[in-house]
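J.: predicted model follows, preceded by the sequence.
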Amino acid sequence: MRVELQVNGRRAEVDVEPRCTLLDCLRDTLGLEGTHAGCEHGVCGACTILVDGEPARSCLMLAVQADGHELTTIEGLSLGPGELSVLQDAFCETHGLQCGYCTPGMILAAHALLARTPQPTRADIVEAISGNLCRCTGYGQIVEAIALAAERLRSANIKTGET
Amino acid sequence: MGEVASFKYVSRKRRVREDRRFVSGQATYVGDVTPPGTRHAAVLTSPYASARIVKIDASEALAMPGVDAVVEGRELAAATDPLLIGVDAPLVKRYPLAVGRARYAGEWVAAVVAETRALAEDAREKIRVAYEELPFVLDAEAAYQPSSVPVHPEHGSNVLLDRPFVWGEVDATFAAAPHKLAYRVKWGRSATVPIETFGVVASWDPWREMLDVWASIQMPKFADQIARALRMPMNQVRVHQDVDVGGSYGVKRGIKHTVLAGFLSRKLGAPVKLIEDRLENMRGGDMHGPERTFDVELAFDGTGLVHAMRMRAIDNVGAYAGRSPLQLGKPVGAIVGPYRIEAVAYHAIAVTSNKTPQEAVRGFGQAPTNYAIETGLDRVAETLALDRLEVRRRNFIRADEFPYLIPSGTTYDSGDYHAVVAKTVKHVDWDALVAERDKLRAGGHLAGVGVASCLEPSGANSSFEPLLNPKNTTTTWMESCRIMVDALGAVTLTIHTTSAGQGHETLAATAAGEALDIDPDRMRVVRATSLESLPSNSPVGSRMAIMLGGAAYRAGQKLRDKLVAIAAHQWGMPAAQLHYRNGGAEDPATGRALEWPDLILIAHRHYHLMPPDMEPGLAVSHVLQVPTGGGLPSPDGRIQMYPCFSFEFHVVLVSIDPEIGRPHIHRYVVGHDCGTVINPDIVRGMTLGGIAHGLGAALLEEFAFDGEGQLLTQSFMDYLLPSAHEVPEVEIVHHVTPSPHTVFGQKGSGESGYLGAPAAISSAINDAVRPLGIRFEALPIRISAIGDAIARAKGLP
């Protein structure tokens, strides 16, 4: 089936089998391999992307269901080649990751949080990432990264989504 | 103490250089490697715990368009050698696919290769296998009986290892002791369960006669094992070690995956990619961890001093051996924990059963052993009505007793356990914590404080191999680093292993930067393929800070010495009279100096200015032997296991909802001493992650099987990993006791947190339910188990 996707601000027309998951389509057809397969049954969150700005499990969606929706993957967050967003940079600053496998999904979940809640509490942050499993960090430095990004965005008066 | 007195880069807050590629989605995991022409494999698994494979009919699958091949065990076994196992049990043969007989539910029976993974899965559904079910055994004690059904009839029994050790006057000490106690604890079968499953791409090039391998692995002697199994010279196997590994913590061994993919690639003449899905991973990834029952007896006096211990540990390693029985060996090197127990009898038993095989899991058997020991210390305190902290303090090895030889032959390097505990207790405000517990109790909750103190043996050697396998006389477990300075003066380090998030590139650069007095951020770090690698053994057993850090520093030293020698030659003076700083050499007597560019120019272009007999260019390498390593065990099984011993002390406050049994962690504090910290953020992350992992093992995670040998917890909806909701904020109290065996005084920290958290959480839960007369003696302590026990204690139905 032919599907028209909006991915990271660009239009992409793809021809996919009806049974193809959005995850497989992003990775195998569009080459956006920053989105990862973890459990493929909607628990771990490694495949998290943003669909119309909201976190979604790309392993639980079919590619054809994404027709006409705005999709954001981790590749869409960097400001330019080699240039990190404030949130990505905050993850580097606190070392909010180790193996990096859950990180794109984690960052996208955090990105969505900061877009709607510029001043999140610790509980807000925990809630926002509670659907994303990380096996390396115990979450401590991830929570710190998100809090740090929120603080930096506030002090720079930048709204998430603008950069 | 470490030989470097002060640091410019070590122990400083420095960003982890690897992180940029991960936060931008630009890492390269094996799933991202797809050479042109790649075909995709899926595996068909046994539905039975034990069955004879009567017939495999793949004709319908093979007739499907896009399907390349279906391979079963007999074909594979005819062309390959069995996978290596750790213990001496040559008839416990293991191939990637079952040969004639399936020994656990989930075992790979056949592999399908097709144009896409989806097609391979479709074709898998069309394979017809006729099975004849056979008797099976699931329980370790049952499997240990001579009358048991053997999982491997050729081997004659299920016993892979049955070794009693006695170190010191155990019986006499027990006979003389005024107090004794005995208890049994069980460590449930869990694992590290990385978010990325195993995966491999193998690509055989018949024209170059080369098998290229990209794999998600953390496996010592990986290329070696592939070459042996595939009956190839090792220089025809090229493992690409620059693949990012999406978590491992021990389990990513992947040898059966790689041998299968390599075989398929050679058969088809095309690259073959095999990425497990989660079900394949949970059932047949062969990555379950220890399932161990401990029977422990302690002999102690009226002051709580433990003088002798008897420990019997029986581990259910599943259907095949792998390296897992060796996980009973490593704890020998810290069998008394941080305590001055004078005599120990240790009986290590590993048996096969019709369950999924085990692999190495974070700590390599040390976390279960620590749980068993710590339970004992709590019991001693309870028996004598003494304070749990005080009992530990009395038993701790004192700071002035190091180096300290334990009964099983290992000498602990250094430590100050009393200081760490004192600092931690002060940070916690112990009395306030106990008051908070009591307040919770007064409010109708069950509440408890848990403590645990334990060691993290680090700097992995493989001394458990000769200890448990007399045919294995390995006495080195080296690690290497190469440094090259190019003609323009830029520095490139080569490391020789894959990494799974440990920050080895940052580690190596920091250590080399310290030696060369050059900003580590200006150095590049690359990973050699296995063919280009110096001898190395991968990041296991909390070894890389010690081993890679040590090798990088030593290589840096050699480079520095070479630069100084070049400068000395220009001035016709002894090198010993010069100072090295900032990459240049200075004559302190005259103030004259040759800077980095001057020395690089000479080394790369001006051979006529080089000292005689010095090799031109600037390339140095260092292969580091494990400090204190090199010995074989004594006949009674005494051996120096690992060189360095980190210490951790956990304090936890838990409350339990008295109605549903749900525990809640109110406070978690850990005192941690891993010697000199090289990168504070990395060590902190490992410790926090280890505690989260330990929380999972203590409360949530278990590979549970039903009576037919079917894995019940095979998805993330049943096998529960801790989320951000379950993991508390953890406070770390930092202490540094440098190791005398390492360049910076560093010790290992890759297993920190995990080694003590399960014991501490168990201690807290048991403190909470003690008023009800309940005791939990098995992990995990699930909500359901707590709820049921409370209901029983209250006489509810």
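T.: Happy to help now that I have it.
J.: what about B:H725, distance to chain A?
T.: Distance of B:H725 to chain A, computed by Cβ to the nearest Cβ, to the nearest Å: 5 Å. All C-beta spots, glycine's among them, are computed from the backbone N, C-alpha and C.
J.: now for that residue: which residues touch it?
T.: By Cβ atoms under 8 Å, 6 or more residues apart in numbering or on different chains, B:H725 lies in contact with A:V126, A:E127, A:S130.
J.: how does it look with 7 Å?
T.: A:V126, A:S130 (Cβ atoms under 7 Å, 6 or more residues apart in numbering or on different chains).
J.: gap between it and A:T137?
T.: 15 Å (Cβ to Cβ, to the nearest Å).
J.: and for B:V170?
T.: B:V170 is 42 Å from A:T137, by Cβ to Cβ.
J.: same thing with B:L578?
T.: 45 Å.
J.: ok, and what's touching stretch B:702-716?
T.: In contact with stretch B:702-716 (Cβ under 7 Å, 6+ apart) are residues A:39, A:41, A:43-44, B:49, B:104-106, B:136, B:138, B:188-190, B:278-279, B:282-283, B:288, B:354-356, B:718-719, B:780.
J.: give me the distance between the two termini of that stretch.
T.: Distance across stretch B:702-716, first residue to last, is 11 Å (Cα to Cα, to the nearest Å).
J.: name the nearest residue to the residue of chain B found nearest chain A, ignoring sequence neighbours.
T.: The minimum distance from chain B to chain A, using Cβ to the nearest Cβ, falls at B:G25 (2.1 Å). Once flanking residues are discounted, B:G25 sits nearest to A:G34: 2.1 Å by Cβ to Cβ, 6 or more residues apart in numbering or on different chains.
J.: now the buried members of the contacts of stretch B:702-716.
T.: A:39, A:43-44, B:49, B:104-106, B:136, B:138, B:188-190, B:278-279, B:282-283, B:288, B:354-356, B:719, B:780 (16 or more other Cβ atoms under 10 Å in any protein chain shown).
J.: SS state for the spatially closest residue to B:R543 that is not a sequence neighbour?
T.: Leaving aside its sequence neighbours, B:R543 sits nearest to B:A460 (Cβ to Cβ, 6+ apart; 3.9 Å). Secondary structure state of B:A460, per DSSP: H, G, I helix; E, B strand; the rest coil, is coil.
J.: same check, this time on B:A49
T.: coil.
J.: what's the single longest helix in the chain?
T.: Here I'm looking at chain A. Taking DSSP state H as the criterion, chain A has its longest helix at helix A:140-156.
J.: that was the other one, I meant chain B.
T.: helix B:544-571.
J.: tell me the contacts of the residue nearest to B:G25?
T.: A:T73, A:I74, A:E75, A:P104, B:G25, B:Q26.
J.: one more pass at 8 Å, please.
T.: A:G34 neighbours (Cβ under 8 Å, 6+ apart): A:T73, A:I74, A:E75, A:P104, B:S24, B:G25, B:Q26, B:A27.
J.: interface residues of the stretch 401-550 of chain B facing chain A?
T.: Within reach of chain A by Cβ under 8 Å from any Cβ of the partner chain, the stretch 401-550 of chain B has these residues: B:A500, B:G501, B:Q502, B:G503.
J.: the last one contacts A:G100, doesn't it?
T.: This means B:G503. No. Counting by Cβ atoms under 8 Å, A:G100 is not a contact partner of B:G503; they are 10.8 Å apart.
J.: what do those two both touch?
T.: B:E18.
J.: out of those two, which sits in the more crowded spot?
T.: More neighbours surround A:G100 than the other of B:G503 and A:G100, with 29 against 25 (other Cβ atoms under 10 Å in any protein chain shown).
J.: could you check which residue of chain A lies nearest chain B?
T.: For chain A, Cβ to the nearest Cβ, closest residue to chain B: A:G34, 2.1 Å.
J.: how close does that residue get to B:V449?
T.: In terms of Cβ to Cβ, A:G34 sits 44 Å off from B:V449.
J.: one more: B:R379?
T.: From B:R379 to B:V449 the distance is 16 Å (Cβ to Cβ).
J.: of those two, who's got more company?
T.: Set B:R379 next to B:V449 and count neighbours by other Cβ under 10 Å: B:V449 wins out with 24 against 21.
J.: beta-bridge partners for that one, please?
T.: B:L653 (DSSP bridges).
J.: got the angle between the strand or helix carrying B:S655 and helix B:544-571?
T.: Following DSSP states H and E, the helix or strand that holds B:S655 is strand B:644-656. Here strand B:644-656 runs at an angle of 150 degrees relative to helix B:544-571 (axes from the mean of the first three to the mean of the last three Cα atoms, to 10 degrees).
J.: which helices and strands does strand B:644-656 pack with?
T.: helix B:417-428, helix B:430-442, strand B:446-458, strand B:663-673, helix B:757-769 (3 or more Cβ pairs under 8 Å, 6 or more residues apart in numbering or on different chains; DSSP states H and E).
J.: so where's chain B uncertain?
T.: Within chain B, the ranges that satisfy pLDDT under 70 run B:1-2.
J.: how is chain A carved up into domains?
T.: Domains of chain A are assigned by automatic domain parsing as A:2-76, A:86-156.
J.: what about the helices in chain A?
T.: A:22-24, A:86-94, A:103-116, A:122-129, A:140-156.
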